[in-house]
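Novice: test case, fold it:
(one chain, ligands or ions: 1)
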Amino acid sequence: MSQDVISTDTETEYGARGDPMVEVRNLKTYYDDGGLFGGTPVKAVDGVSFDIHQGETLGLVGESGCGKTTLGRTLIQLEDATDGEVKFDGVDITDLSGDDLYEWRRNAQIVFQDPDSSLNDRMTVGEIVREPLDAQDWKTPRERRQRVRELLDTVGLQREHYYRYPHQFSGGQRQRVGIARTLALEPDFIVLDEPVSALDVSVQAEIINLLEELQEEFGLTYLFIAHDLSVVRHICDRVAVMYLGNVMEIGPTEELFTDPSNPYTHALLSAIPEPDPTSDRERILLHGTPPNPRYPPSGCPFSTRCPARIRPEEYRHLDDEIWVALNTLREVLRERERADRSIRERIRERFGGDTRFATIESTYEELFGDLELPADVQSILDRIADHAMNNEESEAIAVFSDEFGSICEGESPEYHSTSPNGHESYCHRHGEDYRSPKDVLGTRFD
Ligand code: SF4
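Specialist: Predicted coordinates:
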């Protein structure tokens with residue numbers, strides 16, 4: 001499932017941008033299961049493309065497990081890319097190895113989420129911050145010690161802290177130590193992997209302010225990975241929204257938060273608690289959990305849960321409850337197709353209901369027992385049930401796709417430009433034959 005290159009406007013209301021510092025093209029990071037015979041890999045990052053410009057902060061958001069941390073780690077070569085390009089100042093760093101990679105690593109660093117586990121408790125703060133300088137044999141030992149003291153100053157710690165140990169500090173101070181270490185080799189680009197989510201709310205603001213000051217002072221470029229959307233809205237210039245290893249939408253932060261384009265972004269934003277008690281904004285509930293990245297759906301990655309999924313013409317007016325039940329059945333069939341017969345309980349965990357040792361009849365009863373089905377839908381369901389009862393899940397799914405499938409699960413979408421500001425969305429609904437996601441979902445944001 002590859003995505004076309006996202007075009008990147010260089011002129012936006014957020015100012016003219018020069019050439020991109022980082023160019024990511026059709027990047028994939030797959031993990032195999034380590035088995036002797038290979039097997040189906042986990043598609044953690046499944047063909048993403050975007051640019052990051054000098055001095056900007058690009059936010060990366062999405063549910064846990066969507067691939068955002070793997071993407072961040074692949075950008076700085078802590079994970080090997082399976083395919084695609086990551087160009088820094090025009091050089092594809094996925095091709096680097098040995099001394100060239102070692103030398104390049106000075107340019108790109110990472111701040112980890114949990115300062116407790118990312119700092120070695122047996123080393124003094126001075127040794128921790130000095131370690132990258134030692135590893136790169138930077139200048140003389142005396143100059144390194146001096147550099148560490150300056151860095152402690154820079155991140156709001158004291159020079160006297162040099163000989164203290166991490167456990168003598170608070171969480172916020174430990175994160176400052178991590179940031180000082182990250183800055184040691186004067187990188188241009190930093191991946192901030194949930195840098196404040198392990199901290200108390202009061203300390204989060206201090207660290208965010210520090211990161212903003214450092215960016216201003218040193219002209220840093222950030223990839224900011226987070227699940228807290230309010231922090232992202234505060235700090236990022238642009239935001240990319242990920243789902244199942246794909247970028248579903250990318251655009252300027254305020255525009256994306258107030259006028260989202262993609263159905264998945266609508267759902268994500270609608271889950272933010274609404275501070276105004278008089279607001280009538282409704283939360284969009286997504287059914288089920290994200291699919292297994294080892295077996296992503298065909299077509300659009302969000303097609304199994306999307307509340308705006310395009311229906312075939314003849315079922316456009318079918319009752320919503322029936323449509324949701326049909327889609328849940330399809331997911332149950334997909335799970336049955338993959339699941340070992342002895343682990344059917346997983347289906348119950350995932351979809352609720354009593355499907356332990358279940359026959360397909362009881363699943364049907366749970367899903368459709370209270371619904372009045374049109375005769376044509378009933379007859380198709382009967383055909384699907386015949387296959388499912390004979391353990392012919394693939395055939396059952398094929399009938400389902402023939403009768404109820406649409407372009408959403410048949411074809412991968414393209415990127416559509418949804419504003420002149422470099423705002424793009426990966427969804428069929430931006431094509432001229434369909435109602436827009438906004439019209440279908442009716443959600444309003446401010
Ligand atoms: S392509 Fe279809 S399934 Fe995917 S986000 Fe758009 S409407 Fe939803």
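
Novice: run through the bridge partners of the most centrally placed residue in the chain.
Specialist: In the chain, the C-alpha nearest the mean C-alpha coordinate belongs to Met242, at 3.3 Å (C-alpha atoms, centre = their mean). When bridges are taken as DSSP bridges, the partners of Met242 come out as Val247.

Novice: isn't it right next to Cys66, touching?
Specialist: Yes: Met242 lies in contact with Cys66 (C-beta atoms under 8 Å); the separation is 4.4 Å. C-beta coordinates here come from the backbone N, C-alpha and C atoms, glycine included.

Novice: rewinding a little: show me the contacts for the residue nearest to the centre of the chain.
Specialist: Val48, Leu60, Val61, Gly62, Cys66, Gly67, Lys68, Leu71, Met248 (C-beta atoms under 8 Å, 6 or more residues apart in numbering).

Novice: state the pLDDT value of the closest residue to the fourth one other than its chain neighbours.
Specialist: Closest residue to Gly62 in three dimensions, ignoring its sequence neighbours and counting by C-beta to C-beta, 6 or more residues apart in numbering: Met242, at 3.6 Å. On pLDDT, Met242 comes in at 98.

Novice: counting neighbours, what do you get for Arg316?
Specialist: Around Arg316 there are 9 other residues, counting by other C-beta atoms under 10 Å.

Novice: what are the phi and psi values at it?
Specialist: phi -60, psi -30 (degrees, to the nearest 10).

Novice: so how far is Glu194 from it?
Specialist: According to C-beta to C-beta, to the nearest Å, Arg316 stands 41 Å off from Glu194.

Novice: just the ones of the contacts of Met242 in strands?
Specialist: Taking DSSP state E as the definition of strands, those contribute Val48, Leu60, Val61, Met248.

Novice: what about Leu27, which SS state?
Specialist: Secondary structure, DSSP: H, G, I helix; E, B strand; the rest coil: Leu27 is strand.

Novice: so what's the residue count around the closest residue to it other than its chain neighbours?
Specialist: Take Leu27 and drop its neighbours on the chain: the residue closest to it by C-beta to C-beta, 6+ apart is Gly84, 3.7 Å away. Residues lying near Gly84 (other C-beta under 10 Å) number 19.

Novice: now do the buried residues in the helix or strand encompassing Gly84.
Specialist: Assigned by DSSP states H and E, Gly84 falls within strand 83-88. Buried residues in strand 83-88, defined by neighbour count with 16 or more other C-beta atoms under 10 Å: Gly84, Val86, Lys87, Phe88.

Novice: same question, stretch 294-310
Specialist: Quick answer for stretch 294-310 (16+ other C-beta under 10 Å): 294, 296-297, 299-310.

Novice: tell me the one of those residues nearest Ile380?
Specialist: Ranked by distance to Ile380 (C-beta to C-beta), the buried residues of stretch 294-310 are led by Arg309 at 17.4 Å.

Novice: now the stretch 251-400 of the chain, which segments are flagged as low pLDDT?
Specialist: By pLDDT under 70, the weakly predicted segments of the stretch 251-400 of the chain are 277-280, 339-358.

Novice: what residues does it put near the ligand?
Specialist: Residues of the stretch 251-400 of the chain lying near the ligand by C-beta under 6 Å from any ligand atom: Asn262, Pro263, Cys300, Phe302, Ser303, Cys306, Ala308, Arg309, Ile310.

Novice: distance check, the fourth one against Thr328.
Specialist: The span separating Phe302 from Thr328 equals 16 Å under the rule C-beta to C-beta.

Novice: please apply the same query to the first one.
Specialist: The span separating Asn262 from Thr328 equals 22 Å under the rule C-beta to C-beta.

Novice: so which of the two has more stuff around it?
Specialist: Neighbour count, other C-beta under 10 Å: between Asn262 and Thr328, Asn262 has more, with 29 against 20.

Novice: other SSEs contacting the helix or strand hosting Glu255?
Specialist: Element membership of Glu255 [criterion: DSSP H and E] is helix 253-258. When contacts are defined as 3 or more C-beta pairs under 8 Å, 6 or more residues apart in numbering; DSSP states H and E, helix 253-258 packs onto helix 229-235, strand 238-243.

Novice: Ser379: neighbour count?
Specialist: 11.

Novice: which of the helices or strands spans it?
Specialist: Applying DSSP H and E, one finds Ser379 within helix 375-389.

Novice: only C-alpha atoms, please: export the very next helix or strand once past that helix in PDB.
Specialist: Using DSSP H and E, the helix or strand that follows helix 375-389 in sequence is helix 393-404. These are the backbone C-alpha positions of helix 393-404, laid out as PDB (Å, rounded to 0.1, in the frame of the first residue of the first chain):
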ATOM      1  CA  GLU A 393     -14.200 -17.300   5.600                       C
ATOM      2  CA  SER A 394     -12.300 -16.200   2.500                       C
ATOM      3  CA  GLU A 395     -15.400 -17.000   0.300                       C
ATOM      4  CA  ALA A 396     -17.700 -15.300   2.800                       C
ATOM      5  CA  ILE A 397     -15.500 -12.100   2.700                       C
ATOM      6  CA  ALA A 398     -15.500 -12.200  -1.100                       C
ATOM      7  CA  VAL A 399     -19.300 -12.200  -1.200                       C
ATOM      8  CA  PHE A 400     -19.300  -9.400   1.300                       C
ATOM      9  CA  SER A 401     -16.900  -7.400  -0.800                       C
ATOM     10  CA  ASP A 402     -18.800  -8.100  -4.000                       C
ATOM     11  CA  GLU A 403     -22.100  -7.000  -2.500                       C
ATOM     12  CA  PHE A 404     -21.300  -4.400   0.100                       C
END
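
Novice: what comes into contact with helix 393-404?
Specialist: 311-312, 315, 326, 329-330, 333-334, 336-337, 380, 383-385, 387-388, 409-410.

Novice: tell me the secondary structure for the closest residue to the ligand within the stretch 151-300 of the chain?
Specialist: Nearest residue of the stretch 151-300 of the chain to the ligand: Cys300, at 3.1 Å (C-beta to the nearest ligand atom). Following three-state DSSP, the label given to Cys300 is coil.

Novice: tell me the phi and psi of it?
Specialist: Torsion angles, degrees, to the nearest 10, at Cys300: phi -80, psi 130.

Novice: identify the residues contacting it.
Specialist: So Cys300 contacts Cys306, Cys408, Glu409, Ser412, Pro413, Tyr426, Cys427, His428 (C-beta under 8 Å, 6+ apart).

Novice: spatially, what comes nearest to the first one if we skip its sequence neighbours?
Specialist: Looking back up the chat, that one is Cys306. Spatial nearest neighbour of Cys306, excluding adjacent residues (C-beta to C-beta, 6+ apart): Pro263 at 5.2 Å.

Novice: tell me which residues touch the one you found, please.
Specialist: Phe302, Cys306, Pro307, Ala308, Cys427, Arg429, Pro437, Val440, Leu441.

Novice: noted, bye for now.
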